[in-house]
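S.K.: quick one: sequence plus predicted model below, questions after.
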Amino acid sequence: MLRPAFALGVLLLLAMLPLASSVQIDAQNDEPVWRSVGLDPDLWTDRPEAEESPMMVSYQGNAVIEMNVSYQPGWGEERVEGSVVIELFENWAPITTNNMIDHVESGLYDGVFFHRVINDFVTQAGDPTCKTVGIYPAASPSCGSGGTGETIPLEHNDNLSHVDGALGMARSAEPDSADSQWYIAETEAHNLDPENRDDEGYATFGIVRDGMQHIRAIAEVPTTDEPTGTDVDNPFASAGRPLLEVSIVSMKMIGVADPDGTIRNPVDDVEEGSSFLQNAAIIIGVPFAVVLLGGGFAMFVHSRVDEDSENGETTVLEAETLVVAELVEPGYLRDED
């Protein structure tokens, strides 16, 4: 009969197997946590003006960005903090959306300011060199023309266009020169669509789903072109540079569009805590189970040898040995065949 310590060791070891399998599956899963967070599009109410376009509808699984902004709408006014929710059309613009997601996840846009604002047209940002040096508007001389140095090809899709609130990629005269800079159309800007231009147009790949009021307010911030009743000029800026800083506090991936309601399982502190406890149980429990297993088996063998010695026999416990070997090293029995 198996000794209690041996039996307890076997039970603990078997109990650890599902936990170990779960951790192994998690380690093999390359999907970021935010991909498992389903977001209800019905909660996004501050939207752009609607028009007939496939972009007006949220699609299952599309990546969603939250951009937190800080700006001063006008002279003498208090700064405003707000968030803008943006949905990316991954199926229609995979290259451009992957580029954006990579930059957001790396924190490239955190602390960057909007360097070009043209009312009734676009608000442009995404240049990592456009960060205030000392006191705004002082910034790097390359602000407005900077990037990461890694460009992507121009990407178009018939479902995408410059509707109100559209997210597009800024570029130079060369079509395949888009890098990290992007813009949001503050009104419909179909003159930028490829069918309306001779230079292949500009790529759109997302749209504002919530917080459009902040984009409209940013578009009206005084700039070098339109100082809004003052004679103040910004010696550090090119045309369209806001005279009052409009900064991106942070940009982060917050989940995926879930109009079907099938992914509504946001990761919270409880799940993270469970994961920690699960890992701790494996780290502590497995060695403990092995010690109990080994100790119990040793005691069992010693006991059986003592009993057989009293009877004048020396028996090798082959059956029990094979059972333990199979538990510790699955396939042991098959290898012996």
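M.R.: That came in fine, so what should we check first?
S.K.: how's the protein carved up into domains?
M.R.: Split into domains by automatic domain parsing, the chain comes to 4-31+270-336, 38-263.
S.K.: where among those domains is average confidence lowest?
M.R.: When those are compared on average pLDDT, domain 4-31+270-336 comes out lowest at a mean of 52.
S.K.: and the top strand by length along the chain, what does it pack against?
M.R.: Determined from DSSP state E, the single longest strand within the chain is strand 246-257. Under the contact criterion of 3 or more Cβ pairs under 8 Å, 6 or more residues apart in numbering; DSSP states H and E, strand 246-257 touches strand 38-39, strand 63-71, strand 80-88, helix 94-106. Glycine gets a C-beta too; all of them are placed from N, C-alpha and C.
S.K.: nearest to Val249, of those?
M.R.: Distance to Val249, taken as Cβ to Cβ, is lowest for strand 63-71 among the helices and strands packed on strand 246-257, at 4.2 Å.
S.K.: partners of that closest one, with directions?
M.R.: strand 80-88 (antiparallel), strand 246-257 (antiparallel) (DSSP bridges).
S.K.: export those strands to a markdown table and tack on distance to Gly126?
M.R.: Formatted as a markdown table, those follow (distance: least, Cβ to Cβ, whole Å):
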| stretch | distance to Gly126 |
| --- | --- |
| strand 80-88 | 12 |
| strand 246-257 | 9 |
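S.K.: could you dump these to CSV with distance to Leu160 and mean neighbour count?
M.R.: Compiled in CSV, the strands paired with strand 63-71 are given as follows (distance: least, Cβ to Cβ, whole Å; neighbours: other Cβ atoms under 10 Å):
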stretch, distance to Leu160, mean neighbour count
strand 80-88, 11, 20
strand 246-257, 16, 20
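S.K.: out of those, nearest to Val117?
M.R.: strand 246-257 (6.9 Å).
S.K.: with just CA atoms, put that closest one into CSV.
M.R.: C-alpha atoms of strand 246-257 as CSV (Å, rounded to 0.1, in the frame of the first residue of the first chain):
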residue,chain,number,x,y,z
VAL,A,246,-1.7,71.0,-28.5
SER,A,247,-0.1,67.9,-27.1
ILE,A,248,-0.7,64.2,-27.2
VAL,A,249,-0.4,63.1,-23.6
SER,A,250,-0.5,59.4,-24.5
MET,A,251,-1.7,57.0,-27.2
LYS,A,252,-2.5,53.4,-26.4
MET,A,253,-4.2,50.3,-27.8
ILE,A,254,-7.3,49.7,-25.7
GLY,A,255,-9.1,46.8,-27.4
VAL,A,256,-10.9,45.8,-30.5
ALA,A,257,-14.3,46.8,-31.9
